[in-house]
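Participant: From the sequence below, what's the structure:
(chains A, B, C and D)
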Protein chains: 2
Amino acid sequence: MSGATATPTRDPIPLRIRGCCQPVAPRIPGPDAEECAAVFRALGDTTRLQMIHMLAEATDPVCVCDFTAAFDLGQPTISHHLAKLREAGLIVSTRRGIWTFHQLNPEMSAAAREVVDLLH
Amino acid sequence: MSGATATPTRDPIPLRIRGCCQPVAPRIPGPDAEECAAVFRALGDTTRLQMIHMLAEATDPVCVCDFTAAFDLGQPTISHHLAKLREAGLIVSTRRGIWTFHQLNPEMSAAAREVVDLLH
DNA sequence: TCCTCACATCGATATATGTCGATCGGTCGC
DNA sequence: GCGACCGATCGACATATATCGATGTGAGGA
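Facilitator: Down below sits the predicted model:
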């Protein structure tokens, strides 16, 4: 061996040039690393994931009471999750008389759209 | 109008059959709603998102010290994030002498692979 | 005008998460 | 064996999050 802190030989899995601790392109190009993470964070909850799935399957906007009926959660909690999805730019809400209807945001970012489309 | 608790007329945005509160297909088919959410949760952090991006760009496994050099975080924090990605099944780690190298899990679930491929 | 209904917001609480410093364990070179 | 190095783990801490009950708000019906 050539040394612990220098260049180790890595026969089966060769590394880059001089082994360990090569500088690697660190950052996601573009300004949207945090924005992209926010979309994933919004989908990182089972309830919200199923909400998005319901909206992706539905052909028409979905009422809040549909969600409260579908999930065993209180109305404030449903409202909280919908607000999270709205903040992430994944859904839009429309007030119509007494009811509020929700649908996938048609102006969703392209990156978010790609992710949501995976849940078709 | 026909009534608040009965069937509202919804001219521009027609809903399903009798308006609000129709039962909607609630669940993601398959057992993997929570597993899918776990993948999104793993990607819902800027540091981990960039780690996955680095691994997706790299042609060879990446050493821990590469990550500690790329991010302004302590070594225990880097180790913590790598453990999260490992628990989510997104990466695998290989011990080689002193160093531990990480790469995208070649046996990642198909759903996870689709998401990671979006970060190419 | 008053009541009801649908939904949002507030306050509280328990849990999860990101980060750090300190320490431990394993793998070398000497 | 000893010491150096890499990386994982532990304990602590601050913050974020998921959830609930209670309350506020706005729209409609009676």
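
Participant: how about the residues of chain A that lie near DNA strand D?
Facilitator: Counting by C-beta under 7 Å from any atom of the strand, the residues of chain A close to DNA strand D are A:4-5, A:20-21, A:41, A:44-45, A:47, A:72-77, A:80-81, A:84, A:95, A:97-98. Any C-beta I mention is one placed from the backbone N, CA and C, and that applies to glycine too.

Participant: which residues in chain A form helices?
Facilitator: Under the criterion DSSP state H, helices of chain A are mapped to A:33-43, A:46-57, A:64-70, A:75-87, A:110-117.

Participant: Take those helices and lay them out in CSV including mean neighbour count and mean pLDDT.
Facilitator: CSV is the format used below for these (neighbours: other C-beta atoms under 10 Å in any protein chain shown; pLDDT from 0 to 100):
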stretch, mean neighbour count, mean pLDDT
helix A:33-43, 21, 95
helix A:46-57, 20, 95
helix A:64-70, 19, 92
helix A:75-87, 15, 98
helix A:110-117, 16, 95
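
Participant: Same list (the ones you listed) but as JSON lines, adding distance to B:D32.
Facilitator: Below are the helices of chain A laid out as JSON lines (distance: least, C-beta to C-beta, whole Å):
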{"stretch": "helix A:33-43", "distance to B:D32": "13"}
{"stretch": "helix A:46-57", "distance to B:D32": "10"}
{"stretch": "helix A:64-70", "distance to B:D32": "18"}
{"stretch": "helix A:75-87", "distance to B:D32": "20"}
{"stretch": "helix A:110-117", "distance to B:D32": "16"}
